[in-house]
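J.: task: produce atomic coordinates for the following.
(chains A and B, ligands or ions: 5)
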Amino acid sequence: MFTAIAMAVLVLGALMAARVLVAASASPPRGSHGLAADIDRLLPQTQCGRCLHAGCRPYAEAIARGAARINQCPPGGEATIRRLAQLLGVEPLALNPRHGRQAPASVVIIDEEACIGCTRCIQACPVDAIVGAARQMHTVITAECTGCELCIPPCPVDCIAVVPAPAAQHAWQWPAPGRVSA
Amino acid sequence: MSTVLRGFHGGVRLPRSKETLQGTGSRSVALPPLLIYPLQAHVGTPARPVVGVGQKVRRDELLAAPSSYVSQAIHAGTSGVIVEIAARAVIHPGGVTDTCIVLRADGEDRRLTPAPALDLGRATPEGLLARIAEAGIVGMGGAGFPSHVKLREGLLNAVRLLIINAVECEPYIACDECMIRERAADVLLGARILRQALRASQCVIALEDDMQQARAALSRRDLAGAQIVRVPAIYPAGGERQLIRMITGAEVPAHGLPIDAGVVMHNAATAAAVADAVAGGLPLTERLVTVAGAVRTPANLRVRIGTPIAHLLDACGRSAADARVIVGGPMMGTRLIDEPAPVVKTTNCVLRLPAAAEDCTMPCIRCGDCVEVCPAQLQPQALYELARAGDWDGASDLHLFDCIECGACAYVCPSRLPLVHYYRHAKSEIEALELAQRRAAELRSRYEARLRRLAQAGDAAAEAEGQAGSDVDAAPAPAAVPDRAAMRAEIAAAVARTKARRTANTPAAAGEDEDGAR
Ligand code: SF4
Ligand code: SF4
Ligand code: SF4
Ligand code: SF4
Ligand code: SF4
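T.: Ligands and ions are numbered 1, 2, ... in the order given. All right, here's what the predicted structure looks like:
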């Protein structure tokens, strides 16, 4: 039973990969570079590396090459997977839990009392969302923080905390009809 | 003297359901123990509280000030003490909460001394706009756009026509009609002030065909150059675009505003509030609200803004157990999830309607009825198919964003499809997507800027080791590699700079500092 499912998954995976490859090669005028750019435009640019690539663009290139699945980006979640599937002409997949789960948007804040100004968080931040100078208090520019959490492990005094993103970054949306509570 | 206008494209004749309220006066309702003021009850940025918990206030005292150009002031509706500034239920289709200032009434209802009346003979548009802004007036017909902002934009764009909209085209809603009957002089004064603030050469007051008493109340007075027009009682005749089309013949461009058609439109209740502010020196703290549907005594209630909606229903008596509460009209109103949510400046109607039989929709039979009634001349059936399939581009191409969500299409649909719900869902998906894409583009450019910076630093380090640097665009994949090299290079450069500065401390080397460091 289990083997059968595993086989099915493998076959499906191979088929998917093949279709992604076909999709990749089916757009010759742009080439895979152009396709990667198109894919990159659909990725959330959180630059968190949870897809196990060095950032969104490298992941986009891996998808374009057929070397990665479309379901590896937790910040983008189902919506991004749907859009990628549409772009590439493949079926959507469920988000691969190995890469994490989709969570509400978050940002980080630095406990400015505790910060020793070592600058390690600045060096880790992929989008330059932290300001501060050596041996001075560091601050996160909330509007520019993607919540990638890459700044947290390097901090020697554990003074960076994750908090929900301000409302504008995850505004309420009308649910799809049918899912409304009666 | 009044002109009768011809209709507009599409629209539906709805049962009016206003008979019980026509000709009856408004009645006041007892002060509730708590008044609740959401900070975001208008278009724009939330108001900024200027009072603290425990503070005593009098009626008309400022509770929250505008936080930007497009924002509004909020004033106390009675005297009492601020007991809370916290998240509370508000009128919202998804039951989302908002930060609210909560005022406990002390029962004495003491007011501040009103501001002195402005002399209209000498008042400048600037002075009038400032007073209207201070009074916290927003569009009371439903949109909630700060009135002084609308006026200022109209003034800047040399708009020549002011329209006072008293067309209540949705069933049940009758508060503006009642207000005009009772306060015709104030509506006319408000219209005159608005016109002066705008320097508009013309003013038109639009009423519905069946508002005879309101029309009579106005016509008995000096209209001061304003013209009364009657529009047919066809839904949605009171829609901004529809009314402008009927009165001027001009179309408001897609994605445009009335000022693009040379018009500023204000609701009749807004005009009366402007008269109160300018001639009476009073901020907006009270309004008329129609309470109707499954209630024992339907009424137009004089309500302090901030009153919990449950309090109004208690005052009128709930007559059927199983009913939904709708704020606004039955066509475009918002289903109320929490009855303690308060009346805000835009709340014109509270309805209790029998619970709708949902889940009895049928597939679209392509009858085309929806196309015929759509006032925006769209293809509701095609939009429905596209929205259901999640084809946002297709829906946008068919002008989804021109849909005014009037619900005329859903009203006539024999298959009872929740068409407007599909459009709202599609619009909010598209807007969220656009927002996310704008944000992603910003993040991408900052990320790329950082990569370039690191690559440059990496190049410098590589050159020092006699190797060729790499181009970011050609090989962005190994982003982690330049990272470490760059860090080392940056540290090396920093050490070098520090050393250079130390050497520079000797006067002889001072002139070389900058060149040496670069
Ligand atoms: S997981 Fe998504 S957001 Fe994070 S780097 Fe990968 S593509 Fe970008
Ligand atoms: S501040 Fe931290 S969480 Fe925010 S973007 Fe930078 S590294 Fe990521
Ligand atoms: S890593 Fe931590 S201690 Fe170092 S500068 Fe950043 S916040 Fe401050
Ligand atoms: S809700 Fe939209 S599509 Fe339907 S009739 Fe009104 S404007 Fe047309
Ligand atoms: S009215 Fe309803 S059934 Fe008729 S075409 Fe429109 S969506 Fe289809």
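J.: quick one, helices of chain A?
T.: Counting by DSSP state H, the segments of chain A that form helices are A:2-25, A:31-42, A:56-65, A:77-88, A:120-124.
J.: buried stuff in the fourth one?
T.: Put plainly, it is helix A:77-88. Across helix A:77-88, burial judged by 16 or more other C-beta atoms under 10 Å in any protein chain shown covers A:Thr80, A:Ile81, A:Arg83, A:Leu84, A:Ala85, A:Leu87, A:Leu88. In short, each C-beta sits where N, CA and C put it, glycine included.
J.: which among the residues you listed gets closest to ligand 5?
T.: Of all the buried residues of helix A:77-88, ligand 5 sits closest to A:Arg83, with 27.0 Å by C-beta to the nearest ligand atom.
J.: wait, is B:Ser396 part of a strand?
T.: No. B:Ser396 is assigned helix when assessed by DSSP: H, G, I helix; E, B strand; the rest coil, not a strand.
J.: nearest residue to it other than its sequence neighbours?
T.: B:Ile430 (6.4 Å; C-beta to C-beta, 6 or more residues apart in numbering or on different chains).
J.: please work out the average pLDDT along the one helix or strand the one you found maps to.
T.: Following DSSP states H and E, one finds B:Ile430 within helix B:419-464. Across helix B:419-464, pLDDT averages out at 87.
J.: try stretch B:321-335
T.: Here stretch B:321-335 scores 90 as its mean pLDDT.
J.: now find how far off-centre that stretch is within its chain.
T.: Computed by C-alpha atoms, centre = their mean, to the nearest Å, the separation of stretch B:321-335 from the middle of its chain amounts to 19 Å.
J.: what sits against residue 95?
T.: Chain wasn't specified; assuming chain A. Counting by C-beta atoms under 8 Å, 6 or more residues apart in numbering or on different chains, A:Leu95 makes contact with A:Asn71, A:Cys73, A:Pro74, A:Gly77, A:Glu78, A:Ile81, A:Arg101, A:Gln102.
J.: my question was about chain B, not that one.
T.: Applying C-beta under 8 Å, 6+ apart, we find B:Gly95 in contact with B:Ala89, B:Ile337, B:Asp338.
J.: which residues sit in contact with A:Leu93?
T.: Residues in contact with A:Leu93 (C-beta under 8 Å, 6+ apart) are A:Met16, A:Arg69, A:Ile70, A:Asn71, A:Ile81, A:Ala85.
J.: those residues into JSON lines, with extra columns for pLDDT and distance to ligand 1?
T.: Shown next, in JSON lines, are the contacts of A:Leu93 (pLDDT from 0 to 100; distance: C-beta to the nearest ligand atom, whole Å):
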{"residue": "A:Met16", "pLDDT": "38", "distance to ligand 1": "18"}
{"residue": "A:Arg69", "pLDDT": "95", "distance to ligand 1": "12"}
{"residue": "A:Ile70", "pLDDT": "96", "distance to ligand 1": "10"}
{"residue": "A:Asn71", "pLDDT": "95", "distance to ligand 1": "11"}
{"residue": "A:Ile81", "pLDDT": "94", "distance to ligand 1": "11"}
{"residue": "A:Ala85", "pLDDT": "94", "distance to ligand 1": "15"}
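J.: that older thread, tabulate the contacts of B:Gly95 (a markdown table), appending neighbour count.
T.: What follows is those, written out as a markdown table (neighbours: other C-beta atoms under 10 Å in any protein chain shown):
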| residue | neighbour count |
| --- | --- |
| B:Ala89 | 21 |
| B:Ile337 | 17 |
| B:Asp338 | 16 |
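J.: show me the residues you listed that map onto strands.
T.: B:Ala89 (DSSP state E).
J.: what's the closest of the contacts of B:Gly95 to ligand 2?
T.: Nearest to ligand 2 among the contacts of B:Gly95 is B:Ala89, at 32.5 Å by C-beta to the nearest ligand atom.
J.: please state the backbone phi and psi of the nearest residue to the closest one once chain neighbours are set aside?
T.: In space, and not counting its chain neighbours, B:Ala89 is closest to B:Asp338: 3.4 Å by C-beta to C-beta, 6+ apart. Main-chain torsions, B:Asp338, degrees, to the nearest 10: phi -120, psi 110.
J.: was I right to think B:Asp338 contacts B:Pro93?
T.: No. Assessed by C-beta atoms under 8 Å, B:Asp338 is found out of contact with B:Pro93, at 11.8 Å.
J.: from the buried residues of helix A:77-88, which one has the minimum pLDDT?
T.: Least confident entry in the buried residues of helix A:77-88, by pLDDT: A:Arg83, with 88.
J.: contacting residues for the closest residue to that one other than its chain neighbours?
T.: Computed as C-beta to C-beta, 6+ apart, the closest residue to A:Arg83 that is not its neighbour in sequence is A:Leu42, at 4.8 Å. Applying C-beta under 8 Å, 6+ apart, we find A:Leu42 in contact with A:Gly76, A:Thr80, A:Arg83, A:Leu84, A:Leu87.
J.: which one of the residues you listed is nearest to ligand 4?
T.: Among those, A:Arg83 lies closest to ligand 4 (C-beta to the nearest ligand atom), at 25.4 Å.
J.: ok so, going back, just give me the closest of the contacts of B:Gly95 to B:Val51.
T.: Checking the contacts of B:Gly95 against B:Val51 by C-beta to C-beta gives B:Ala89 as the nearest, at 21.0 Å.
J.: so the closest one touches B:Ala310, yeah?
T.: No. Applying C-beta under 8 Å as the test, B:Ala89 and B:Ala310 come out as separate, 10.3 Å apart.
J.: any common contacting residues for the two?
T.: By C-beta under 8 Å, 6+ apart, the residues touching both B:Ala89 and B:Ala310 are B:Pro340.
J.: on contacts alone, who are the packing partners of the helix or strand where B:Val371 lies?
T.: Secondary structure assignment for B:Val371, by DSSP H and E: helix B:369-373. On a contact count with 3 or more C-beta pairs under 8 Å, 6 or more residues apart in numbering or on different chains; DSSP states H and E, helix B:369-373 meets helix B:380-388, helix B:408-412.
J.: in stretch B:333-344, what counts as buried?
T.: Applying a neighbour-count criterion of 16+ other C-beta under 10 Å, one finds B:Gly333, B:Arg335, B:Leu336, B:Ile337, B:Asp338, B:Ala341, B:Pro342, B:Val343, B:Val344 buried in stretch B:333-344.
J.: gap between that stretch and the chain center?
T.: Centre-to-centre, stretch B:333-344 and its host chain are 16 Å apart (C-alpha atoms, centre = their mean).
J.: where does pLDDT dip in the chain?
T.: Picking chain A for this. By pLDDT under 70, the weakly predicted segments of chain A are A:1-32, A:167-171, A:179-182.
J.: chain B was what I was after
T.: Along chain B, segments meeting pLDDT under 70 span B:1-2, B:356-360, B:462-518.
J.: domain ranges for it?
T.: Per automatic domain parsing, the structural domains of chain B span B:117-280, B:361-453.
J.: can you give me the distance of the residue nearest to A:Arg83 to ligand 4?
T.: To ligand 4, A:Leu42 is 29 Å away according to C-beta to the nearest ligand atom, to the nearest Å.
J.: ok, the residue nearest to A:Pro156 when sequence neighbours are not counted - contacts?
T.: Once flanking residues are discounted, A:Pro156 sits nearest to A:Cys118: 6.1 Å by C-beta to C-beta, 6+ apart. Listed by C-beta under 8 Å, 6+ apart, the contact partners of A:Cys118 are A:Ala134, A:Cys155, A:Pro156.
J.: the second one: neighbour count?
T.: Which is A:Cys155. 20 (other C-beta atoms under 10 Å in any protein chain shown).
J.: what sits against it?
T.: For A:Cys155, the contacting residues are A:Cys118, A:Arg120, A:Cys121, by C-beta under 8 Å, 6+ apart.
J.: what of the last one?
T.: A:Pro156 sits next to A:Ile116, A:Cys118, A:Arg120 when contact means C-beta under 8 Å, 6+ apart.
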